[in-house]
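1. all I have is the shape, not the residue letters:
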């Protein structure tokens, strides 16, 4: 098995809840995954499930919870979590990010050419001239023209701004690019163009992607493996086709059933699946399965212990007691 | 089909905006009909004019945007000819609208129950107590749990999905015959979207109301619509019943849009052939067919001829000379 | 068929037809473009020109003024503008208005500009520090500013005058101290706003050091609102300075500033309106000019305000 380019092991992130003294909101609860060279891991979940927090943790834009069981982020085998300032800066070259709101992720006071070259400058790489020519080359690669380099971000449409953001993410020649809802704000036809660009770039440079989206359809379209998040927990992780064909977690099943298929012969509104209840906020480290209040298969054990993400079918992992033949002894809350 | 079940008939609607001394067409000769108890979807990308069409019907435009031509007949009456006072009676009571952003359409400092009651009292002779009681019933009807208590809450206490329910409750409060829903589920998660779609469909069915659904999501269209109009650059470029539209689309743009739609069976190895380019700026529409610069089937005539929307069969109309000629030959 | 533009086709298909910002923008370098943009903004340009003239005239007051500003001519009091030998007339004591305006400008401009500049620089530094450091650094800075905020300026001026002697520098120091919390608060708010923008996060992900973030990303975003605020303060401070003089804490008679001239002339408003009106006009014109200058500078610094 090739060495993981990006590895998150037991990463958690808690915030102090706004209401309720001493209560904490666990945005991410003990998440682990690895990302190998050239592979795309899709991370899907609904709003508030912690997927964007997870992206920021992977990039060390925020620090994970410390403590006795603190987790670790590794980039190409090196400890990213505990890295020195200089080492962090060096490791950042290997993992880059493209945000949802491409337009405001570009500095409005810099021309697009400067924006694209900026990571090189921040890393102290190359001369002004070299940076400029690298930026122009990349703009062309993402389907923009050289004269676009002189313009400012506000003159660009959403799709074009996303191309610029992708060019910027490429300029440090990273191994991994994290896409945080990178196509969610785009129109259908523009979204297809950007997806195509993302797929083509991967093939060309052998990049590894962490592709985060609320849209399972889009994730399925682009990912080799899919991780499903619910209230801070990764509840299912497996090959894209398998997760789609044989979803193991009841939440994944519900998510799949709720997606309308663009074919009126196959699905009308009556067939759209409905899951009861609403997602609550992930307040404190409560014992029990995060999905239990909405789950149609709720059992006694689901209230008492939080299921771990365990392999069930080969490399298809799920965190659900339905798939663990001998549930663990009752854990203290 | 006779015209007896037609509730709303839009004909050659033109909406313009004044920009730098020019009248720019945002909605360009749009025609469609809404039938009783049926759902019509207007589908298109941002800037295609679909929301402007809805706002034009209800005369909710603000200068410099204005309706410059066409008719909107609601049960035979031309809405565009009504006085503002008459229109106010129709709006909200007979034709109700549900917007994309429920938080922006609700007053943040008023209790939910009160807001719905106000809508009721604007159109019906009711005491405040009656109206408030009715508001609670409506909330319960649209699936807001614990409606008695929730009626006393403020908009920010509600989740996105619940807010959309509140807005729908307010929209149906006077028993409208037409509900216009503009991207009602775009801001919602899919599991919440499924519930709202169910709700809208239930309400349409039980009240025999007509639903005009405006969306960019072809999955939602396939699930909800009976009839579909596809808009591009301010024009309706294809119109058909939902089955024909999805299974025998004639306009190259419709086909391209369907090809871009994401199917759950697709994976990273499925061919992805996006249409190049982006929709034109309304100020700089190309000559002839507005889609010709991006069209894979374009012929020289497309630069010249602005194709009218013409029926090619009983269920289908298309605004494309290539498709029209092919159908005529066949 | 419409042939696709393959000349620059990269990976994937570009969306070209909406042609980013259709009119071609001259590929000038950033700095040159900014100067050009500023020159195109007529109001700001005129304002800058006017201020240079006023400042030059005040600076050259010893050479330009026809009379000693304190020399009273008891035989020629209340002379209206246009009187032979006194272009702008004389005041109640028969002093030449033009000379007094020129000399008064030296005081007023110093009192208007120097405190604003010093307070802006200090406030910017404090606001940036508070806004980016957060935590207790933020708390300490903001509470200290609150203390100064609550301190009455006149009391402060009295204290400083006690140490230094009343005069221009007493005015300058007291006004500076009073202004710092205002500017500091604004700078902190602007800093927090800019620091929360996604492009800051993008820069961090690219490996920006703290210094680079502060100097290259945050400060350029904080400067424009500060600039506008500072330029509007100048006019106000000219008037505030006069108030201090009026209380005997600032410049001492017979020397005077524009604000003091307005206040002296007020007594003889009916007899010699020009003694009040002229310095008043000068204050308003200079204040407005600073305002236009601020707006112009802000627009010149912002690519989004560029006219198409």
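-> Thanks, I have the structure now. If you're wondering where the values come from, they're calculated on a predicted model, not measured in any experiment. Residues are numbered from 1 along each chain as shown, chains lettered A, B, ... in the order given.
2. show the average pLDDT along the helix or strand harbouring residue C:234.
-> Taking DSSP states H and E as the definition, one finds residue C:234 inside helix C:219-246. Averaged across helix C:219-246, pLDDT comes to 88.
3. give me the contact list for stretch B:240-251.
-> Here stretch B:240-251 makes contact (C-beta atoms under 8 Å, 6 or more residues apart in numbering or on different chains) with A:262-265, B:41, B:218, B:221-222, B:225-228, B:230, B:237-238, B:254-255, B:258, B:291, B:312-313, B:315-320, B:323, B:327. Yep, even glycine has a C-beta here, placed from its N, CA and C like the rest.
4. circling back to that earlier point, quick one: the next helix or strand after the helix holding residue C:234 to chain centroid distance?
-> Downstream of helix C:219-246, the next assigned helix or strand under DSSP H and E is helix C:258-265. Helix C:258-265 sits 22 Å away from the centroid of its parent chain (C-alpha atoms, centre = their mean, to the nearest Å).
5. buried sites along helix C:258-265?
-> C:258, C:259, C:260, C:261, C:262, C:263, C:264, C:265 (16 or more other C-beta atoms under 10 Å in any protein chain shown).
6. same thing with stretch A:264-284?
-> Here stretch A:264-284 shows A:264, A:267, A:268, A:269, A:272, A:275, A:278, A:279, A:282 as buried, counting by 16+ other C-beta under 10 Å.
7. and chain B, which of those residues reach it?
-> A:264, A:267, A:268, A:269, A:272, A:275, A:278, A:279 (C-beta under 8 Å from any C-beta of the partner chain).
8. any chance you could map the helices in chain A?
-> Under the criterion DSSP state H, helices of chain A are mapped to A:51-58, A:85-92, A:112-122, A:128-141, A:158-170, A:188-205, A:216-222, A:240-245, A:250-258, A:300-304.
9. for the chain, just list every one of the strands.
-> Let's take chain A. A:4-16, A:24-36, A:40-44, A:72-75, A:78-79, A:95-98, A:176-180, A:208-213, A:225-230, A:233-239, A:310-313, A:316-318 (DSSP state E).
10. I was after chain B.
-> Using DSSP E, the strands of chain B run over B:6-19, B:22-35, B:39-43, B:65-74, B:77-78, B:95-98, B:178-182, B:210-215, B:227-232, B:235-241, B:310-311, B:317-318.
11. format those strands as a markdown table; extra columns: mean pLDDT.
-> A markdown table is the format used below for these (pLDDT from 0 to 100):
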| stretch | mean pLDDT |
| --- | --- |
| strand B:6-19 | 91 |
| strand B:22-35 | 91 |
| strand B:39-43 | 95 |
| strand B:65-74 | 91 |
| strand B:77-78 | 90 |
| strand B:95-98 | 90 |
| strand B:178-182 | 93 |
| strand B:210-215 | 94 |
| strand B:227-232 | 96 |
| strand B:235-241 | 95 |
| strand B:310-311 | 90 |
| strand B:317-318 | 94 |
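12. JSON lines for these, including mean neighbour count?
-> Formatted as JSON lines, these follow (neighbours: other C-beta atoms under 10 Å in any protein chain shown):
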{"stretch": "strand B:6-19", "mean neighbour count": "18"}
{"stretch": "strand B:22-35", "mean neighbour count": "20"}
{"stretch": "strand B:39-43", "mean neighbour count": "26"}
{"stretch": "strand B:65-74", "mean neighbour count": "18"}
{"stretch": "strand B:77-78", "mean neighbour count": "13"}
{"stretch": "strand B:95-98", "mean neighbour count": "24"}
{"stretch": "strand B:178-182", "mean neighbour count": "24"}
{"stretch": "strand B:210-215", "mean neighbour count": "25"}
{"stretch": "strand B:227-232", "mean neighbour count": "26"}
{"stretch": "strand B:235-241", "mean neighbour count": "25"}
{"stretch": "strand B:310-311", "mean neighbour count": "14"}
{"stretch": "strand B:317-318", "mean neighbour count": "24"}
